[in-house]
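Novice: Have a look; sequence and predicted model below, questions after that.
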Amino acid sequence: MTTNSNPTIDTSTEEALARNAKPATETQSAFWLPVWTLTLRELTRFFRQRTRIIGALGQPFIFWILFGAGLHGSFQSPDWVPSGVDMSYQEYFFPGVAVMILMFTAIFSTISLIDDRREGFLQAVLVAPVPRSALVVGKLTGGAVLAVLQAVLFLVIGPLLAFVGLAPEISLGWSILDGLAIFGFLVLLAFALTALGYTLAWPMDSTQGFHAIMSVVLMPMWLLSGAFFPSGETGWLAWIIRLNPLTYGVAGLRRLVSPEIEFAISNSLPTLPLCLMVTTLFCGVCVVIATWQTRRTGARDST
């Protein structure tokens, strides 16, 4: 007895693979669309809060003008300032205020993570079918954009106050390449500081705890970066300043905003290549930690 039977072809595996196979454009869209959405959300939230805009720009200008006027008479130029160059305290403090704007804007943009967790928005994002790295990139991009915009405004508007007698004359003899270098360094430093704020805000449940960390860790980090006062060549304070990663951000920006000054070689003012290397490493470490924290989120954050 002969039976004609066709072999059975199991297509269940092939159908499953076909359903799971997504075009490259769809995969990229699943990453960049939430990044763009989260970035736009940060910008919209900021510009809708007028008091936040005033505080973000008003406080640095007040610090720069008042401290510059008050400490002008007692300030002595550091050893790395060339002889013949009369640097006032406001000129010295100028890059430090720009870094302060970057730090506080980046930090306060990431504090919204705590509110997002309390309101349930963060849980909704975590359970959405999007990569968790998109949450990190979107949050960091939004904070970095806001920080860079405000720092650029300060670097442009600050020297214009000399015309009304509120600030000394600060030369802005920047070429196009100088401007691009300053902008690129600001972006790198803004991403690093935003990622640092992200890593601090992610495990916290209250904004009060975040403010405590900012007062104990972040504010001294800025003060001990050479932004507010120059460090000496020796002593324990000089070593703390050298070990502070933000020191290299301030020193790098200081060199970039004053291309016409040939600063002397000094241990208290790192070279530009060293500043770029340390700031890049600092940014990379903070971003990696932020991504790792987000990917290992437990049930507390996803439910």
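Specialist: That came through, no problem. Residues are numbered from 1 along each chain as shown.

Novice: Please tell me how far residue 202 sits from residue 287.
Specialist: For residue 202, the distance to residue 287 equals 13 Å [C-beta to C-beta, to the nearest Å]. From N, CA and C alone the C-beta is placed, and that goes for glycine too.

Novice: after the host helix or strand of residue 143 comes which helix or strand?
Specialist: Secondary structure from DSSP states H and E places residue 143 in helix 132-157. Sequence order places helix 176-201 as the next helix or strand after helix 132-157, per DSSP H and E.

Novice: Just the buried positions in the helix or strand that comes right after that following helix, please.
Specialist: Proceeding N to C from helix 176-201, the next assigned helix or strand is helix 207-213, under DSSP H and E. Buried residues in helix 207-213, counted by 16 or more other C-beta atoms under 10 Å: residue 210.

Novice: Low-confidence regions, this protein specifically.
Specialist: Residue ranges of the chain with pLDDT under 70: 1-29, 56, 72-73, 161-173, 232-234, 297-303.

Novice: Give me the most central residue, it.
Specialist: residue 190 (2.3 Å; C-alpha atoms, centre = their mean).

Novice: Now do the same contact list for that residue.
Specialist: 102, 105-106, 143-144, 147-148, 151 (C-beta atoms under 8 Å, 6 or more residues apart in numbering).

Novice: distance of residue 155 from residue 235?
Specialist: The separation that residue 155 has from residue 235, given C-beta to C-beta, amounts to 32 Å.

Novice: So between those two, which is more surrounded?
Specialist: Set residue 155 next to residue 235 and count neighbours by other C-beta atoms under 10 Å: residue 155 wins out with 23 against 10.

Novice: Can you give me the neighbour number for the nearest residue to that one once chain neighbours are set aside?
Specialist: Leaving out its chain neighbours, the residue that sits closest to residue 155 by C-beta to C-beta, 6 or more residues apart in numbering is residue 98, at 5.8 Å. Neighbour count of residue 98, defined by other C-beta under 10 Å: 28.

Novice: Doesn't residue 98 lie inside a helix?
Specialist: Yes: Residue 98: assigned to a helix according to DSSP: H, G, I helix; E, B strand; the rest coil.

Novice: hang on, isn't it packed against residue 153?
Specialist: No: using C-beta atoms under 8 Å, residue 98 is not in contact with residue 153; the gap is 10.0 Å.

Novice: How about residue 217: what's its closest non-neighbour residue?
Specialist: Nearest to residue 217 is residue 200, by C-beta to C-beta, 6+ apart, at 7.7 Å.

Novice: if I look at that neighbour, how far off is residue 111?
Specialist: For residue 200 relative to residue 111 (C-beta to C-beta), the value is 9 Å.

Novice: same deal with residue 51?
Specialist: 15 Å.

Novice: higher neighbour count, the two?
Specialist: residue 111 (19 against 8).

Novice: count of neighbours near residue 251?
Specialist: Residue 251, neighbours per other C-beta under 10 Å, totals 28.

Novice: for it, what are its contacts?
Specialist: Counting by C-beta under 8 Å, 6+ apart, residue 251 has contacts 226, 269-270, 275.

Novice: So which of these wins on neighbours?
Specialist: residue 226 (28 neighbours).

Novice: Name the SS class of that residue, please.
Specialist: coil.

Novice: what residues are up against it?
Specialist: Going by C-beta under 8 Å, 6+ apart, the list of residues near residue 226 reads 96, 241, 247, 250-251, 268-269.

Novice: Give me the subset of those residues lying in helices.
Specialist: Taking DSSP state H, the ones among those that sit in helices are 96, 241, 247, 250-251.

Novice: Identify the residue spatially nearest to residue 128, adjacent ones excluded.
Specialist: residue 34 (7.4 Å).

Novice: neighbouring contacts of the helix or strand where that neighbour lies?
Specialist: Assigned by DSSP H and E, residue 34 falls within helix 24-47. By C-beta under 8 Å, 6+ apart, the list of residues contacting helix 24-47 from outside reads 22, 52-53, 109, 112, 125, 128-131, 133-135, 137-139, 141-143, 145-146.
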